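Novice: Structure, please.
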Amino acid sequence: MYQRLIPSILISNERLVKGVRFDNYLDAGKPSTTARAHNHQGADEIIVSDILASRKDKLPNFKILKEISKEVFMPLTFFGGINSLNLARECMDLGADKIGLNSTAIENPSLINMLSRQFGSQSIVIGIDAIKIEGVYYLYDHCLKRPRQDINLLKWVNEAVSQGCGEIRLMSVSKEGTKEGYDFDLYKLVRGEINIPIILEGGSGTLNDIEEAFELGINGVAMGTQLVFADNNLLKIKKHLLTKGKNIRDK
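Specialist: Modelled structure (predicted):
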């Protein structure tokens, strides 16, 4: 199976934004225009995250989802404020192929099971955001804007899998937007617990970062800042990886 290159789009108030460690966001353009470019350049999938929905207790921004889904022809995962079967169904009806759950799953783990029974486990992606403090990884809660020291990270990962999720999107909050490289220690820690696919996100800044990730056998890498605020695009990344003999889709 091919290893995947996955652009990650953060939306806030109908704009594409990028920050560092989920703070100091900068406007980076129109989400649908950026998604169209990623589609033309051969992205394997795309992740769209409404960063305000759960944090501000708002409905998901389905307007942006609808606009983006018209521009892309690859699997689309949507994160942000999905806390019920009805919202998940609406998300799917508007063009999402997978439902992403993060804060809403922490608040209600049975939501994972309910949605996986309805849509299939392959359609449910759990976002695991982790932050490293004094050598220890903690689950990061975006609604509270702090680490959850009352929840064991690995126990939560295992519970999410037991509830029926089919994939984990693993984010290093400490690395997000820094272009300092992926947190492979975090990946190895979580990979040692589960055998479902893992998408690693947070910190990618160079072609070598992605090459190293694929050498570790990572199922897919998600990229945001590297594609928006760096001299990289998917065509350049693919060309580099193909010359290195990596197992990626070449079209």
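
Novice: how near is the residue nearest the centre of the chain to K66?
Specialist: Nearest residue to the geometric centre of the chain (Cα atoms, centre = their mean): R169, 4.9 Å. Distance, R169 to K66, using Cβ to Cβ, to the nearest Å: 22 Å. Where C-beta positions appear, they are placed from N, C-alpha and C, glycine not excepted.

Novice: and what of K18?
Specialist: Counting by Cβ to Cβ, the gap from K18 to K66 is 22 Å.

Novice: again with F73
Specialist: Separation of F73 from K66 (Cβ to Cβ) stands at 15 Å.

Novice: between these two, which one's more packed in?
Specialist: For F73 versus K66, neighbours defined as other Cβ atoms under 10 Å are more numerous around K66 (14 against 10).

Novice: Next, work out how far apart the more buried one and A96 are.
Specialist: As judged by Cβ to Cβ, K66 and A96 stand 10 Å apart.

Novice: tally of neighbours for L52?
Specialist: L52 is flanked by 18 other residues according to other Cβ under 10 Å.

Novice: same deal with N102?
Specialist: For N102, the neighbour count with other Cβ under 10 Å is 24.

Novice: how about it, what does it touch?
Specialist: S54, F79, I126, G127, D129, H142 (Cβ atoms under 8 Å, 6 or more residues apart in numbering).

Novice: Point out where this protein drops to low pLDDT.
Specialist: 19-28, 54, 229-231, 251 (pLDDT under 70).

Novice: what ranges do the helices span in it?
Specialist: Listed in chain order, the helices of the chain (DSSP state H) span 31-40, 62-69, 85-93, 103-107, 110-119, 153-163, 184-191, 207-215, 225-228, 234-243.

Novice: now the angle between helix 184-191 and the longest one, please.
Specialist: What separates the directions of helix 153-163 and helix 184-191 is an angle of 40 degrees, with axes from the mean of the first three to the mean of the last three Cα atoms, to 10 degrees.

Novice: Can you tell me what sits against helix 153-163?
Specialist: Under the contact criterion Cβ under 8 Å, 6+ apart, helix 153-163 has outside partners 105-106, 109-110, 112-113, 116, 126, 128, 130, 137-139, 168, 189-190, 193-194, 196.

Novice: sorry, back to before: ok, the contacts of N102 vs V228, which is closest?
Specialist: Closest approach between the contacts of N102 and V228, by Cβ to Cβ: F79, at 17.6 Å.

Novice: partners of the closest residue to L101 other than its chain neighbours in the sheet?
Specialist: Closest residue in space to L101, ignoring its immediate chain neighbours: I126 at 5.6 Å, by Cβ to Cβ, 6 or more residues apart in numbering. Counting by DSSP bridges, I126 is bridged to L101, I168.

Novice: Could I get the contacting residues of I126?
Specialist: Taking Cβ under 8 Å, 6+ apart, we find I126 in contact with G100, L101, N102, A105, I112, A160, C165, E167, I168, R169.

Novice: mind running it again at 6 Å?
Specialist: L101, A105, A160, C165, I168 (Cβ atoms under 6 Å, 6 or more residues apart in numbering).

Novice: The fourth one is in contact with Q122, isn't it?
Specialist: No. Shown here, C165 and Q122 do not form a contact pair, counting by Cβ atoms under 6 Å, at 9.6 Å.

Novice: More neighbours: which of the two?
Specialist: C165 (29 against 14).

Novice: quick one, what contacts the more buried one?
Specialist: C165 touches I112, I124, I126, counting by Cβ under 6 Å, 6+ apart.

Novice: how far away is it from V221?
Specialist: Shown here: C165 relative to V221, a distance of 19 Å by Cβ to Cβ.

Novice: ditto for D185
Specialist: 16 Å.
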